[in-house]
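Undergrad: Dropping a prediction and its sequence here:
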Amino acid sequence: MNLEELRDRYVAFQMDGHPDLTEFLDRVVAGDFGPVSPELLAEFLDSVEADIVGNMETMAAANPDLAARKDEALAAQLEWLRRIREKYVARR
């Protein structure tokens, strides 16, 4: 499996009514989608982080009310992703 395939699986998982990233990652590490290396999982989480940062920056640029809270919200999201990396990547 490569990054594009893993991202496609995540999108399909979300479209099937499962928007929770941790639920998807639980299934990934359980092997439900085939073997996924820790390196690929880290690369996937890097891409998720890039998506989150890009989306937050776009929303803040379009809405001044959100711009004032962007740094705080972004810090919270990055901390959440750090904990996810610890749980799903560092333990493997």
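TA: Sure thing, it's come through. What you see is a predicted model, and the numbers here were worked out from it, not measured in a lab.
Undergrad: The helix-or-strand element of the chain with minimal mean pLDDT - contacts with which helices or strands?
TA: Sorted by mean pLDDT, DSSP states H and E, the helices and strands of the chain end with helix 64-67, the least confident at a mean of 84. In terms of contacts (3 or more CB pairs under 8 Å, 6 or more residues apart in numbering; DSSP states H and E), helix 64-67 is packed against helix 38-62. Using the backbone N, CA and C atoms, a C-beta is placed for each residue, glycine as well.
Undergrad: Which positions in the helix it packs on come out as buried?
TA: Leu40, Leu41, Glu43, Phe44, Leu45, Val48, Glu49, Ile52, Met56, Ala60 (16 or more other CB atoms under 10 Å).
Undergrad: Distance from that helix to the middle of the chain?
TA: Distance, stretch centre to chain centre, for helix 38-62: 7 Å (CA atoms, centre = their mean, to the nearest Å).
Undergrad: Ok, stretch 54-71 next?
TA: 19 Å.
Undergrad: now do stretch 81-92
TA: Using CA atoms, centre = their mean, the offset of stretch 81-92 from its chain centre is 11 Å.
Undergrad: go on, stretch 62-79?
TA: So, by CA atoms, centre = their mean, the centroid of stretch 62-79 is 17 Å from its chain's centroid.
Undergrad: now do stretch 3-19
TA: Distance of stretch 3-19 from the chain centroid (CA atoms, centre = their mean) equals 11 Å.
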